[in-house]
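S.K.: when you get a sec, could you give me coordinates for this:
(chains A, B, C and D)
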Number of protein chains: 2
Amino acid sequence: MQDRKIRIHDVAALAGVSVGSVSRVLNRAANVSAEVREQVERAVAALRYQPSHAARALRSRSSKTIGCLFSDVTNPLYARAFRALEESFRADGYMLLLANGLNDLERERESLRTFALRGMDGVVCAPGNERDPELIGLIDAMSMPVVLYDREMPTARTDAVLFDHVSGVRSACTQLFALGHRRIALALWDADSRPVRRRTEGYRAAYRAAGMEPPALILRQPTATSSVFDDLLRLLNAPDPPSALIAQGTHTLVSALRALAHAGLRVPQDFSVISIGDSDFAQTHVPAISVLRTNAGHVAAQVRCMLLERLNGARAAPPRKVLMPYELEMRASCGPPAR
Amino acid sequence: MQDRKIRIHDVAALAGVSVGSVSRVLNRAANVSAEVREQVERAVAALRYQPSHAARALRSRSSKTIGCLFSDVTNPLYARAFRALEESFRADGYMLLLANGLNDLERERESLRTFALRGMDGVVCAPGNERDPELIGLIDAMSMPVVLYDREMPTARTDAVLFDHVSGVRSACTQLFALGHRRIALALWDADSRPVRRRTEGYRAAYRAAGMEPPALILRQPTATSSVFDDLLRLLNAPDPPSALIAQGTHTLVSALRALAHAGLRVPQDFSVISIGDSDFAQTHVPAISVLRTNAGHVAAQVRCMLLERLNGARAAPPRKVLMPYELEMRASCGPPAR
DNA sequence: ATGAAAGCGCTAACAG
DNA sequence: CTGTTAGCGCTTTCAT
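M.R.: As a prediction, the model looks like this:
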């Protein structure tokens, strides 16, 4: 059985001090004599005292909990983000409530409402839809600080960490240009989301910066789990086929590799591949697949920093948007084009 | 801004009733006249009243929160489990606090302590180590109901949902026997965990039941992400090679497929493959890989049921262990052996 | 620096 | 069936 009946009062009694002093020792640790502190700590240890979280939350108006609203933890991107966030908030005594939005507006609204209701100290969220007015209104109305995770919402006056998709894709293209590639295919999901829009932007920017017209080699999948097999094969059999591919997501990557094998193309001798987003698969594939990836730890540290700053006073400061860089890790899947 | 100042008192005033009545309307909804209820509901709506979760938790001793301790959400198995649990508890107003144990004993202990401290109404956990005495002690000492997720802990007197690894692997073997296979390799991680032990057991049982001696075709990887490439290749080049493989985890599966391709074996014409655990990869691979899988939704429903039953009185009932069946979904990766 | 006392907002026990 | 009241366990003034 848990020692569920030991209250701060008992500790005070055993230590021979007042409950106020015990509370002071437990919390800010200022204005307490060394003597009292020691007595209290001894009593706490002896009784195995554990302060009641609920009482604390009620009185201090802080639940020491961060609400996370992601579309789906089953997506490794968010699973890693969650793990990193948990890690970065752990030392501060925060725990994370996780809710899956599943791209369902009503669900996302409900989760946000629940977060408000439960008095989350902060919220990090990545809604499926960046433009729903009700969702924006809800976020703007949140009384606790919110950080948007790679989302930009029209009028939401909140902080955001944004992945630098433009530079990421641009540098991948530039890298491939340097190897001699001129026709690079880009496979994305067809969602009208910031990441997809920005990646397209980076792709075009790279071509323009290199003095070329962006080619019509962008493949758009309807969902994250649809195959690019047929589409890529068509491109490969058309005149003037691509010699390289930048593919978003493991799923796309796998089906693309299958299409390449089917077409009799070897990686990297005949065709180069870069994946957006790292995975065990990309790492252990033979040849290992080059990837464009963000550092979940860095991103989480940034989120933590923004949230804690707001919590420590800067509630009304203007919203900040921080751009997180992509790293391009070149592995064996890239080489000069065949010829 | 959130309407953070509206208290139950305000609602009572507006509705012209007492706070007690408001509370009754909000909660059990018994012993309230239709008239009062309507007044209260009107007032709640008008004021957009949201009861304070902290106050509720403090007074009613229920946080409406379930703690989940999994080794790593980054593992799709647990990500899916979490999502299913969230779904099954949502309707009851529970939210889930998720902690990653990362197979680190100290971390797991700390998470469990935090769960206790924060007054979780229930806990579902899958510790990395099933035998650590301190962890067992901690779990036994939890004051709220705990459900072990595919773990068996020596003396922990808690409920558990257990996957039926024995029957699962046995049926996979039997299925392969029926196709004509006699030499089936089994690739597992080398963890001394219940799942691994049970799978081995099922494998042996299948052979014995078929009147054969279990062959020395079990491969053990040190970690979940190590490759089986070399080991499988060695087996394939040895005398009397296997004609089928049952592989645990996507990682193992991928490296195994690579080894098969390397050895010039086609799936399923020359070699059959069954994966333990489903994945996008298994589904979209060509040929699609047969899988042994559990239904996360059913499992979650079972967990919910066990937890709620305890919460509704049966606190002291003897611990129950429920075996969850594996489903064998045969896909294109299996066929009769070559010859 | 410390103690006493006043709540935080709600539920539950008890009157009526 | 409804109102009143006493806390849940803690933090935080306010005196001292």
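
S.K.: contacts, neighbours, all on C-alpha from now
M.R.: OK.

S.K.: who in the stretch 51-200 of chain A is up against chain B?
M.R.: A:51-55, A:57-58, A:63, A:72-74, A:76, A:79-80, A:83, A:86, A:95-100, A:116-119, A:140-143 (C-alpha under 8 Å from any C-alpha of the partner chain).

S.K.: check the residues you listed one by one and keep those near DNA strand D.
M.R.: A:Pro51, A:Ser52, A:His53, A:Ala55, A:Leu58 (C-alpha under 7 Å from any atom of the strand).

S.K.: so which helix or strand takes in the residue most central in space within chain A?
M.R.: Nearest to the geometric centre of chain A sits A:Ala81, at 4.2 Å (C-alpha atoms, centre = their mean). Using DSSP states H and E, A:Ala81 sits in helix A:76-90.

S.K.: that helix vs helix B:76-90, what angle?
M.R.: 80 degrees (axes from the mean of the first three to the mean of the last three C-alpha atoms, to 10 degrees).

S.K.: list the buried residues in helix A:76-90.
M.R.: Using 16 or more other C-alpha atoms under 10 Å in any protein chain shown as the test for burial, helix A:76-90 gives A:76-89.

S.K.: which strands and helices lie in contact with that helix?
M.R.: strand A:95-100, helix A:296-311 (3 or more C-alpha pairs under 8 Å, 6 or more residues apart in numbering or on different chains; DSSP states H and E).

S.K.: can you list contacts of it?
M.R.: The set of residues external to helix A:76-90 that reach it, using C-alpha atoms under 8 Å, 6 or more residues apart in numbering or on different chains, is A:68, A:70-73, A:95-96, A:277, A:296-297, A:300-301, A:303-304, B:72-74, B:76, B:79, B:99-100.

S.K.: quick check: A:Val36 touching A:Val17?
M.R.: Yes - taking C-alpha atoms under 8 Å as the definition, A:Val36 is a contact partner of A:Val17 at 7.5 Å.

S.K.: how about the residues of the stretch 201-339 of chain A by chain B?
M.R.: So the stretch 201-339 of chain A meets chain B at A:Thr225, A:Ser227, A:His251, A:Val254, A:Ser255, A:Arg258, A:Asp280, A:Phe281, A:Thr284, A:His285 (C-alpha under 8 Å from any C-alpha).

S.K.: can you give me the end-to-end distance of stretch A:60-67?
M.R.: Using C-alpha to C-alpha, to the nearest Å, one end of stretch A:60-67 lies 18 Å from the other.

S.K.: which stretches of the stretch 1-150 of chain A form helices?
M.R.: Per DSSP state H, counting those that start in this stretch, the stretch 1-150 of chain A carries helices over the ranges A:8-15, A:19-26, A:34-47, A:53-60, A:76-90, A:105-117, A:133-141.

S.K.: for A:Ala185, see how far away the residue nearest to the centre of chain A is.
M.R.: 28 Å.

S.K.: ok, A:Glu110 next?
M.R.: For A:Glu110 relative to A:Ala185 (C-alpha to C-alpha), the value is 40 Å.

S.K.: out of these two, which sits in the more crowded spot?
M.R.: More neighbours surround A:Ala185 than the other of A:Glu110 and A:Ala185, with 24 against 16 (other C-alpha atoms under 10 Å in any protein chain shown).

S.K.: quick one: secondary structure of the more buried one?
M.R.: Recorded secondary structure, A:Ala185: strand (DSSP: H, G, I helix; E, B strand; the rest coil).

S.K.: name all residues that make contact with it.
M.R.: Contacts of A:Ala185 were listed using C-alpha under 8 Å, 6+ apart, and they are A:Leu217, A:Ile218, A:Leu219, A:Pro242, A:Ser243, A:Ala244, A:Leu245, A:Ile246.

S.K.: just the buried ones from the residues you listed, in PyMOL syntax?
M.R.: Selection of buried members from those for PyMOL, criterion 16+ other C-alpha under 10 Å:
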select buried, chain A and resi 217+218+219+242+243+244+245+246
